[in-house]
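Student: with the sequence up front, the predicted model follows.
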Amino acid sequence: MMTPAASFIDIRHPEQPLPDSFKGSVVAIGNFDGMHRGHQAVLEDAVTEARAAGLKAVMLTFEPHPRTLFRPNRPVFRLTPHEEKARVAKALGLDGMVSLSFDEDFASQSPDLFITDMLISKLNARKVIAGYDFHFGKDRVGTPDYLEEKGEALGIGVTIVDMKTDRSGDAVSSTRIRQALEDGAVAPANRLLGYRHFFSGVVIHGAKNGRKLGYPTANMTLPDNSRLREGVYAVKFVRKNGSLYDGVASFGRRPMFDNGPRVFEVHIFDFEDNLYDEEVRVILYSYLREEMKFDGLDALINQMDTDSVQARAILRYAEPLSELETRLWD
């Protein structure tokens, strides 16, 4: 694991020339939604190559997710939107990240134009690292083999990183992680990621039902494309200043009250402060149970007591899954 860079430059949808410090760098290219162990192999390779040559390591990625453009009626469940992707990239030791606008004009570019315009003209890349399944250009005709061939012809070193597998021999993939989170299989999803899945949101006002029950909550809405399973979770809660707290959360429609729109509600243990309008992060540690309707508020409170005890126990003994996870929250 590489030491995080002293400074990290995050550029989204660049319209001006890229910083000079990005030019002549080692460039890791990919969509990288998930930033899972397979993606980490690509990015760590880029950092290793860059450090050995005394160069910068830059991650080149795309926003929004390409499937948002190609399948607008089937929005993809995003694992690592821009801000989350940048946080993991920095913790991996990358010096910067460029998120290109993935729109119709960009998608219609030929693979050759992408290489000559972005990799050569704008970045002057010394070396390019990509995964075994990276495709680019119009109709995805740019293959890893094509990238290697063009790189050799243009004097750019190209490394294609092989598929990363888990203990069962199956490929580590964002598709598997999405499905695991949809199923409430938090632990398997986290193992594929190499760190615990996290997401960001802004604390909003709610109906304050939890406060009336002795369980005040910080409420967030998740994106419409989130397919996280509804239910109760053991979580950690991260404030903007980096403070980290244990908690228990409920995600769903509150069948005991209004059965309304989905809200992610976090009860933070041993905490009293105003969080409204603050941007925060939630880290998922374990899925405890499904959301359900009880026979009265006393039964609900008893279950919440049980959930809290269980969550505290899980969080008390939880160890980081990797050095990367430790770096994420230092």
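Tutor: Thanks, I have the structure now.

Student: for the rest of this, base every contact and every neighbour count on C-alpha atoms.
Tutor: Will do.

Student: now do the contacts for N209.
Tutor: N209 sits next to P216 when contact means C-alpha atoms under 8 Å, 6 or more residues apart in numbering.

Student: next one: phi and psi at it?
Tutor: Main-chain dihedrals, N209, degrees, to the nearest 10: phi -70, psi -40.

Student: so how far is Q179 from it?
Tutor: For N209, the distance to Q179 (C-alpha to C-alpha, to the nearest Å) stands at 31 Å.

Student: I'd say L324 and Y195 touch.
Tutor: Yes. Here L324 reaches Y195: they are 7.0 Å apart, a contact under C-alpha atoms under 8 Å.

Student: my guess is L193 contacts M35. True?
Tutor: Yes. In this structure, L193 is within contact of M35 by C-alpha under 8 Å, at 6.9 Å.

Student: quick revisit: tell me which of L324 and Y195 has more neighbours.
Tutor: More crowded of L324 and Y195, by other C-alpha atoms under 10 Å: Y195, with 25 against 20.

Student: excluding residues flanking it in the chain, which one is nearest that one?
Tutor: Counting by C-alpha to C-alpha, 6 or more residues apart in numbering, Y195 lies nearest to E325, which is 5.1 Å off, once chain neighbours are set aside.

Student: repeat that for Y287.
Tutor: What sits nearest to Y287 in space, not counting adjacent residues and going by C-alpha to C-alpha, 6+ apart, is Y233, at 4.6 Å.

Student: now do R12
Tutor: Closest to R12 by C-alpha to C-alpha, 6+ apart is S99, at 4.7 Å.

Student: tell me, how many residues neighbour the one you found?
Tutor: Other residues near S99 come to 20 when the count uses other C-alpha under 10 Å.

Student: and if you look at the one 5 residues further on?
Tutor: Neighbour count for E104, taken as other C-alpha under 10 Å: 12.

Student: so who does it touch?
Tutor: L69.

Student: one more pass at 10 Å, please.
Tutor: Contact partners of E104, counting by C-alpha atoms under 10 Å, 6 or more residues apart in numbering, are 66, 69-70, 138.

Student: quick check on it: phi, psi?
Tutor: The phi/psi pair for E104 (degrees, to the nearest 10) reads phi -60, psi -40.

Student: report pLDDT for it.
Tutor: pLDDT for E104: 93.

Student: could you check how far it is from P75?
Tutor: To P75, E104 is 17 Å away according to C-alpha to C-alpha.

Student: quick one: buried residues of the lowest-mean-pLDDT helix or strand in the chain?
Tutor: The least trusted helix or strand in the chain, going by mean pLDDT, DSSP states H and E, turns out to be helix 209-212, with a mean of 79. For helix 209-212, burial by neighbour count (16 or more other C-alpha atoms under 10 Å) applies to G210.

Student: repeat for stretch 239-254
Tutor: Across stretch 239-254, burial judged by 16+ other C-alpha under 10 Å covers 244-254.

Student: could you check how far Y285 is from R191?
Tutor: For Y285 relative to R191 (C-alpha to C-alpha), the value is 11 Å.

Student: more crowded one of these two?
Tutor: The residue with more neighbours, out of Y285 and R191, is Y285; 22 against 18, by other C-alpha under 10 Å.

Student: hang on, the more buried one packs against Q310?
Tutor: No. Taking C-alpha atoms under 10 Å as the definition, Y285 is not a contact partner of Q310, at 11.8 Å.

Student: mutual contacts of the two, please.
Tutor: Shared contacts of Y285 and Q310 (C-alpha under 10 Å, 6+ apart): 233-234, 248.

Student: doesn't E49 fall inside a helix?
Tutor: Yes. The assignment for E49 (DSSP: H, G, I helix; E, B strand; the rest coil) places it in a helix.

Student: run a quick neighbour tally on the residue lying closest to it once chain neighbours are set aside.
Tutor: Using C-alpha to C-alpha, 6+ apart and skipping the chain neighbours, the partner closest in space to E49 is V26 (7.1 Å). When neighbours are defined as other C-alpha under 10 Å, V26 has 32 of them.

Student: so for T143, what's the pLDDT?
Tutor: The model reports T143 with a pLDDT of 96.

Student: that one is in contact with S110, isn't it?
Tutor: No. Assessed by C-alpha under 10 Å, T143 is found out of contact with S110, at 11.8 Å.
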